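Peer 1: curious how this folds, go ahead:
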Amino acid sequence: MHGIKIIMSKKQTVLTYEAFEEHLLPRIQKSFDERFDKLDEKVSHLPTKEEYYEREDKTMGELKKLREEVSAVNFQYERTT
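Peer 2: Next comes the predicted model:
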């Protein structure tokens, strides 16, 4: 059917599609599966989008309060000096 020429050393070997499917494709798929399994494990530790935005909203709320407090303290400080 389909022939793919792969140069190995000084000899040429024709790799048929059938041979590719039988010998190389399973190895490639196994390698990808192993890498994706590791990636899935790492990603599972990340928060969901909702958890992330909830935490960011809380953080921004705290930052806003802190800025307001700093502004109020600065105003009081300037009044006393």
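
Peer 1: tell me, how many residues neighbour residue 15?
Peer 2: Each residue near residue 15 was counted by other C-beta atoms under 10 Å, and the total is 15. No exception for glycine: its C-beta is placed from N, CA and C like everyone else's.

Peer 1: quick check: residue 76 vs residue 70, distance?
Peer 2: 11 Å (C-beta to C-beta, to the nearest Å).

Peer 1: and residue 15, helix, strand or coil?
Peer 2: Classification of residue 15 by DSSP: H, G, I helix; E, B strand; the rest coil places it in strand.

Peer 1: for this structure, just list every one of the helices.
Peer 2: Remark: helices assigned in the chain by DSSP state H are 17-19, 25-43, 49-80.

Peer 1: any chance of CSV for those helices, columns mean neighbour count and mean pLDDT?
Peer 2: Below are the helices of the chain laid out as CSV (neighbours: other C-beta atoms under 10 Å; pLDDT from 0 to 100):
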stretch, mean neighbour count, mean pLDDT
helix 17-19, 12, 88
helix 25-43, 10, 90
helix 49-80, 10, 94
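
Peer 1: distance check, the residue nearest the centre of the chain against residue 37.
Peer 2: The centroid of the chain falls nearest to residue 43 when counting by C-alpha atoms, centre = their mean (6.8 Å). Using C-beta to C-beta, residue 43 is found at 11 Å from residue 37.
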